[in-house]
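Visitor: I would like the atomic coordinates for the input below:
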Amino acid sequence: MNNSTNTVYVLSGYAKCAITQQGKYKPGNKHSIGLLTTDENYEDNISKLKTFIKDLGWESITFCMVETVNDISTLSNDVLVSSFLRAQQNGQSLVVNDLPITVH
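Guide: Coordinates of the predicted model:
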């Protein structure tokens, strides 16, 4: 992954919680997610990116949309700004919407 770039790719989609996570997410509930990555070859490395998300306790991962963000000042949400910075530092970062889409 290219950690020195300013470009971050935001892969938006859905995932199902597989394990209880700090009491915040209930297994079986589906949430919208955003994976921020500096990997410009994200299409070729999608299985590697999904493994990263699975290792964080998520399954049934589906990506629906990809956006390219070159300028952090275009982000107005503090959570996305923080995740953008984490992605630049670590190569990738996951954002999960706290409210589930489906509840089990």
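
Visitor: Output stretch 31-39 as CSV, restricted to C-alpha atoms.
Guide: In CSV, the C-alpha atoms belonging to stretch 31-39 read as follows (Å, rounded to 0.1, in the frame of the first residue of the first chain):
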residue,chain,number,x,y,z
HIS,A,31,-24.3,-2.0,9.3
SER,A,32,-23.2,0.4,6.6
ILE,A,33,-19.4,0.6,6.4
GLY,A,34,-16.7,2.7,4.8
LEU,A,35,-13.2,1.4,4.2
LEU,A,36,-10.7,4.1,3.6
THR,A,37,-7.5,2.9,1.9
THR,A,38,-4.5,4.4,0.2
ASP,A,39,-4.2,1.3,-2.0
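
Visitor: by contact count, what packs against the lengthiest helix in the chain?
Guide: What stands out as the longest helix in the chain, according to DSSP state H, is helix 78-90. Contacts defined by 3 or more CB pairs under 8 Å, 6 or more residues apart in numbering; DSSP states H and E place helix 78-90 against strand 8-17, strand 30-37, strand 92-96. Just so you know, the C-beta spots here come from the backbone N, C-alpha and C atoms, and that holds for glycine as well.

Visitor: Could you dump the ones you listed into a markdown table with mean neighbour count, distance to Ser73 and mean pLDDT added?
Guide: Formatted as a markdown table, the helices and strands packed on helix 78-90 follow (neighbours: other CB atoms under 10 Å; distance: least, CB to CB, whole Å; pLDDT from 0 to 100):
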| stretch | mean neighbour count | distance to Ser73 | mean pLDDT |
| --- | --- | --- | --- |
| strand 8-17 | 20 | 13 | 96 |
| strand 30-37 | 21 | 16 | 96 |
| strand 92-96 | 21 | 18 | 95 |
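
Visitor: need the contact list for the residue most central in space within the chain.
Guide: The chain has Leu35 as the residue nearest its centroid, 2.0 Å off, counting by CA atoms, centre = their mean. Going by CB atoms under 8 Å, 6 or more residues apart in numbering, Leu35 touches Val10, Leu11, Gly13, Leu49, Phe52, Ile53, Phe63, Gln92, Ser93, Leu94, Val95.

Visitor: With Tyr14 instead?
Guide: Lys30, His31, Ser32, Ile33, Ser60, Ile61, Thr62, Cys64, Ile101 are the contacts of Tyr14 under CB under 8 Å, 6+ apart.
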